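make a model of this:
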Amino acid sequence: MFKNLLVAILLSVPVISLAQKDTTEVRYDDQNLTIIEISEADLEPFKKDEKYNYEMEKKDNSWWEAIKNWFYNILRRFFEWLFGVESAPNYITAFLKYLPYLLLGFLLFLIIRFFIKANTKNILFSKANENTVILSEEEQIIKTADIQAMIQKALEEHNYRLAIRYYYLSLLKMLTEKELIHWELQKTNNDYIGELSNSKLAPLFKRVTLLYDHIWYGEFQIDAQGYHRAKDRFDQLKQSITANA
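Residues are numbered from 1 along each chain as shown. The predicted model follows:
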């Protein structure tokens, strides 16, 4: 019986709901509308006001913008490869933040290094370096100096390496005077070897040149015994040049 009563109550609920009267009132606005006309004169102040200018002006990228974009794309790909796509933007931001300081530090390093190197050169060349023969001196020796006297002075000071230097220059002077080579300040010893390629002096001159390069440019220190061994080769070439006259 209770079950039948519950079913009857549930079935009566929609009927009661439908039976209720709809009390919603609809109101209509019957007032006359006033049409407001907007002229071009009314719009003109707004057209001139930049706050109401919503047009986007597209600018052509300059060469500087193109370089910055290119550099940023390289950084982006590198940091994405290194840290992953999600973390890359944070690392790029930090890198660009400290990049000016890194560049400034590198520039200061180059400047300091330059001045240190320049001062080192000044210190080295300010000292009396008896083994140094600069190019202007070489030209003077070849053209005007008494090379034999310079060789003798170097031997008296036991500077055998410098004596070899002067002796080789004397051989170049002899070859120039015999018109076997054409001496020029900018030429190298290999140039003179090439000029003597068709001469019977070529093999001996090449051996003497290699010996000289080893002693002088290789900064190979020699004693009196080593000097005399090298001098024997130089004397042989000197005799051959004289005989070639």
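
what number of residues lie near residue 223?
If you count neighbours by other CB atoms under 10 Å, residue 223 ends up with 10. The way it works is simple: take the backbone N, C-alpha and C, and place the C-beta from them, glycine included.

just the pLDDT at it, thanks.
For residue 223, the model assigns a pLDDT of 90.

contacting residues around the residue nearest to it when sequence neighbours are not counted?
Spatial nearest neighbour of residue 223, excluding adjacent residues (CB to CB, 6 or more residues apart in numbering): residue 160 at 6.5 Å. By CB atoms under 8 Å, 6 or more residues apart in numbering, the residues touching residue 160 are 154, 222-224, 226-227.

now for residue 173, how many residues are close by?
Residue 173 has 16 neighbours, counted by other CB under 10 Å.

in this structure it contacts residue 147, no?
Yes: the pair residue 173 and residue 147 qualifies as a contact (CB atoms under 8 Å) at a distance of 6.6 Å.

identify the contacts common to these two.
Both residue 173 and residue 147 are in contact with residue 141, where contact means CB under 8 Å, 6+ apart.

returning to what we had before: in helices, which of the contacts of residue 160 fall?
Among the contacts of residue 160, the members falling in helices are 154, 224, 226-227 (criterion: DSSP state H).

how close does residue 187 get to residue 209?
12 Å (CB to CB, to the nearest Å).

from the contacts of residue 160, pick the one nearest residue 97.
Distances from residue 97 to these, taken as CB to CB, are shortest for residue 222 (60.1 Å).

so what's the closest one closest to, chain neighbours aside?
residue 160 (5.0 Å).

can you check residue 226 too?
Nearest residue to residue 226, sequence neighbours excluded (CB to CB, 6+ apart): residue 160, at 6.9 Å.

from residue 168, how far out is the one you found?
From residue 160 across to residue 168, the span is 13 Å (CB to CB).

show me what contacts residue 97?
For residue 97, no residue meets the contact criterion (CB under 8 Å, 6+ apart).

tell me which element it is part of?
In this structure, residue 97 is located in helix 88-126 according to DSSP states H and E.

restricting to C-alpha, output stretch 158-176 in PDB.
Taking C-alpha atoms only, stretch 158-176 is exported to PDB below (Å, rounded to 0.1, in the frame of the first residue of the first chain):
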ATOM      1  CA  HIS A 158     133.500  35.700 -29.400                       C
ATOM      2  CA  ASN A 159     130.100  36.300 -31.000                       C
ATOM      3  CA  TYR A 160     130.500  33.500 -33.600                       C
ATOM      4  CA  ARG A 161     126.900  33.400 -34.500                       C
ATOM      5  CA  LEU A 162     126.900  37.100 -35.500                       C
ATOM      6  CA  ALA A 163     130.200  36.500 -37.400                       C
ATOM      7  CA  ILE A 164     128.400  33.800 -39.500                       C
ATOM      8  CA  ARG A 165     125.600  36.300 -40.200                       C
ATOM      9  CA  TYR A 166     128.100  38.900 -41.500                       C
ATOM     10  CA  TYR A 167     130.000  36.200 -43.500                       C
ATOM     11  CA  TYR A 168     126.800  35.100 -45.300                       C
ATOM     12  CA  LEU A 169     126.000  38.800 -46.100                       C
ATOM     13  CA  SER A 170     129.400  39.200 -47.600                       C
ATOM     14  CA  LEU A 171     128.700  36.200 -49.900                       C
ATOM     15  CA  LEU A 172     125.400  37.800 -51.000                       C
ATOM     16  CA  LYS A 173     127.400  41.000 -51.700                       C
ATOM     17  CA  MET A 174     129.900  39.100 -53.800                       C
ATOM     18  CA  LEU A 175     127.100  37.300 -55.800                       C
ATOM     19  CA  THR A 176     125.500  40.700 -56.400                       C
END
